[in-house]
Structures are given as C-alpha cells and as structure tokens.
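**Student:** let's see this in three dimensions:
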Amino acid sequence: MRAVVVHGPGDVRVEERPDPSPGPGDVLVAMEWGGVCGSDISYALHGASGTAVLRHPLVLGHEVAGRVAVLGEGVTSYAVGDAVTVHPATPSDEPLPARLMGRTNLHREVRYLGSAAFDPHVDGGFSTYKVFRASQLRALPSGVSTQLGALAEPLAVALHAVGRLGPLDDREVLVNGAGSIGCLVVAAAKARGAGRVVAADVNAAALDQARSLGADDVVDLGADQTLPSDVELVVEASGVPAALGAVLHATSRGGTVVQVGNLPIVPTPAVLADLVTREITWTGSYRFVDEITEAVELLAKGIDLSPLIAGTVDLDDAPAAIPAAGSTPGKVLLRLG
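**Tutor:** Next up, the predicted model:
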C-alpha cells in the first residue's frame, strides 16, 4: 500500500508499505478520503505539533473515511463495502477519577491517529489501507459520501466546543476565527439551536465560508470592523493570543468564552484584564468524547459542509499539498483510494 509519511521538517514522502491485515476484533478499511488538519501541516512544516515532536517517521492523518475491505475474526457489526468514518482516539485503560467520569478525551494518555505525542507514535490514516478496531468505526448512512464522512471528525471537535457553552436556547453566539474549526463551530451552533451566530476573522474569504455554513452575520476585522459587544456566549477559535483582549471585551459580564483555538506553548503577551472585572468564565475545549456519532447523524440529516471543502488532491500530490494547505481557507481533502 501507499502512505503519506512525514520524516521531519519539510520532508513528507509517499512511501510503499506492506499491506496490513486485521486481527480479531479489527477491520481493514480501504481508505478513500482524508482531511488535512493543522496538526498535519505543523508536522510537515516543523516536525512537531505543539508539544508532540517527531522521533520517528509518522503516517499522517486523523480525519479519514473509507470502505470496509476485510473483517477480522469476530466482527459482525459491519459488512464488506460499508462506508465508514473513524474515531481517531484510543484512551488508556487507566480509570478516570470520578469527577471526570465519561470525559475520555481527558485521559492522561490518549493515543490519536497521526500523532507523535507518545513513543512509539501512532500512524494515521493517510494511506490506501488501514486497520482499525471495529469500535472506532462509525457507519456512514446511505446518502452520506465518504468525502463528507472525512469531515465528521473536525465537526465532532466543533460540537464538543459548542457543548462546552452550555444550553444555547436560541441565544446569540460569537465565533472568533473562521478557519476550518471556526466555520464548523458556526454550523454546529446552528444545529444545536443557536438563534444567531456571528463569525469574525481578518480574512474575507474565510468569512464567506462562515456565511455558507450558517453565520447570520460576519465581522471583517481585516477591514477595521470591530467585534460586537455584550455577547454572552463566545467561542474563540483563532488561537491568536493578541485577539484575546478584544474577545474578552466583547463578552458580556458573567458570560462564557470557550477556547477551542490552540494557543502557543510558549509565553505570549495577552490582554486578559476583562476576565476578572467582567467575571467571565473562560474554559478550554479539547478534541471530543463521542460527538463524532452526533456528527454522522447531522450529516445524515443533511447538514451541508461542502462549502468548507477548498479543494481535493491525489495522494501522490500530498507532499506539496499538505504544507500549502494552511494558506487556503477551508479544508483540503486528500483522495486516498
């Protein structure tokens, strides 16, 4: 089989690897589509993503979908040819404390597809075939393509972030940052019952995508527009520390800000005074628990994520396409099969 492998900064290759075979309880999937994530781009450009540093070559990709090719012994929940998407996480067996019960994304050790966080690394799904545990798969209903199925994972991230806001109850939500996750937060907030969603960004093209995914209004910060004021529910999806002061100032007294945009791992100046004087709840959002199941249900109900797709490229073109994907608003998809 062929696989997209990062060896270090600026060194991404398409390599031949042995065809895998499923063990008991596993499923071999013929991969069809993979979405390029910010972590894939970071590994390709810098050989690291956050605190996860490459020690060995790594197959990239955790936003993937395909079709069942071979069933391992004991697997009866799927049939050959079934379209599936994948939950990329494998939490450790260590019990969670009672206060975190059910929040499996917060295990001390969660092995994630296409991640160098632990050694040995966990190879991802940017390959022509990949073996998964049957429990990781989510069947795609009739009418949901594997191309859209590859967007279920980032939609799950967005749904988790929206869930951290609490009940929406027809209220207004401000989303700062209209990258892929920000745009999906817009779609997720509308699907979860937000009355009005406003998206803000410095990139006009990104704001056009946010509108296509359901934003009721947009704020073009690159054209000197300013954030609205007194918004009770805010999602910060840009991950830009310089934006935090304005975001907190836009939040109403006693309001909530969910931080889903990854912040730098090094000391960075940020204006945070309003966090105290406005008594704002500022909370993080990390990956997801099982919201990928809800994401698949929303795809089946017809949520339209196609405006997010910026383009598609063949697997052989991945070494050039992945590093360049960060310069284009929206999601670049790799045709894996």
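**Student:** I'd say residue 146 and residue 66 touch.
**Tutor:** Yes. Shown here, residue 146 and residue 66 form a contact pair, counting by Cβ atoms under 8 Å, at 6.0 Å. Just so you know, the C-beta spots here come from the backbone N, C-alpha and C atoms, and that holds for glycine as well.
**Student:** return every residue with contacts to both of those two.
**Tutor:** 32, 33, 83 (Cβ atoms under 8 Å, 6 or more residues apart in numbering).
**Student:** against which helices or strands is the helix or strand harbouring the first one packed?
**Tutor:** In this case it means residue 32. For residue 32, the host element (DSSP states H and E) is strand 26-35. Judged by 3 or more Cβ pairs under 8 Å, 6 or more residues apart in numbering; DSSP states H and E, strand 26-35 is in contact with strand 63-71, strand 83-86, strand 129-133, helix 146-149, strand 331-335.
**Student:** thought residue 35 was touching residue 331?
**Tutor:** Yes. The pair residue 35 / residue 331 is scored as a contact, 5.2 Å apart, by Cβ under 8 Å.
**Student:** what residues do those two have in common as contacts?
**Tutor:** Shared contacts of residue 35 and residue 331, counting by Cβ under 8 Å, 6+ apart, come down to 151, 154.
**Student:** re the thing from before, give me the next element, helix or strand, following the strand holding residue 32.
**Tutor:** Trace forward from strand 26-35 with DSSP H and E and the next one is helix 38-46.
**Student:** so which bits of that next one are buried?
**Tutor:** Within helix 38-46, the residues scored as buried using 16 or more other Cβ atoms under 10 Å are 38, 39, 40, 41, 42, 43, 44, 45.
**Student:** not counting sequence-adjacent ones, nearest residue to the fifth one?
**Tutor:** Translated: residue 42. Closest residue to residue 42 apart from its sequence neighbours, by Cβ to Cβ, 6 or more residues apart in numbering: residue 49 at 4.2 Å.
**Student:** burial count for the one you found?
**Tutor:** 22 (other Cβ atoms under 10 Å).
**Student:** could you do residue 127 as well?
**Tutor:** Residue 127, neighbours per other Cβ under 10 Å, totals 28.
**Student:** quick check, residue 222 in a helix?
**Tutor:** Yes. Assessed with DSSP: H, G, I helix; E, B strand; the rest coil, residue 222 lies in a helix.
**Student:** leaving out chain neighbours, which residue sits closest to it?
**Tutor:** Distances taken as Cβ to Cβ, 6+ apart place residue 202 nearest to residue 222, at 3.7 Å, with adjacent residues excluded.
**Student:** show me the contacts for the one you found.
**Tutor:** Applying Cβ under 8 Å, 6+ apart, the residues contacting residue 202 are 220, 221, 222.
**Student:** the first one: neighbour count?
**Tutor:** In this case it means residue 220. 16.
**Student:** make JSON lines from the buried residues of helix 38-46 and add pLDDT and distance to residue 10 to it.
**Tutor:** Output for those, formatted as JSON lines (pLDDT from 0 to 100; distance: Cβ to Cβ, whole Å):
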{"residue": "38", "pLDDT": "96", "distance to residue 10": "17"}
{"residue": "39", "pLDDT": "97", "distance to residue 10": "16"}
{"residue": "40", "pLDDT": "98", "distance to residue 10": "14"}
{"residue": "41", "pLDDT": "98", "distance to residue 10": "12"}
{"residue": "42", "pLDDT": "97", "distance to residue 10": "12"}
{"residue": "43", "pLDDT": "98", "distance to residue 10": "11"}
{"residue": "44", "pLDDT": "98", "distance to residue 10": "7"}
{"residue": "45", "pLDDT": "98", "distance to residue 10": "7"}
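**Student:** which one of those sits closest to residue 28?
**Tutor:** Nearest to residue 28 among the buried residues of helix 38-46 is residue 40, at 22.7 Å by Cβ to Cβ.
**Student:** next, the contact list for that closest one, please.
**Tutor:** Taking Cβ under 8 Å, 6+ apart, one finds 60, 61, 114, 124, 126, 322, 325 in contact with residue 40.
**Student:** okay, these in JSON lines with pLDDT next?
**Tutor:** Converted to JSON lines, the contacts of residue 40 look like this (pLDDT from 0 to 100):
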{"residue": "60", "pLDDT": "98"}
{"residue": "61", "pLDDT": "98"}
{"residue": "114", "pLDDT": "98"}
{"residue": "124", "pLDDT": "98"}
{"residue": "126", "pLDDT": "98"}
{"residue": "322", "pLDDT": "98"}
{"residue": "325", "pLDDT": "97"}
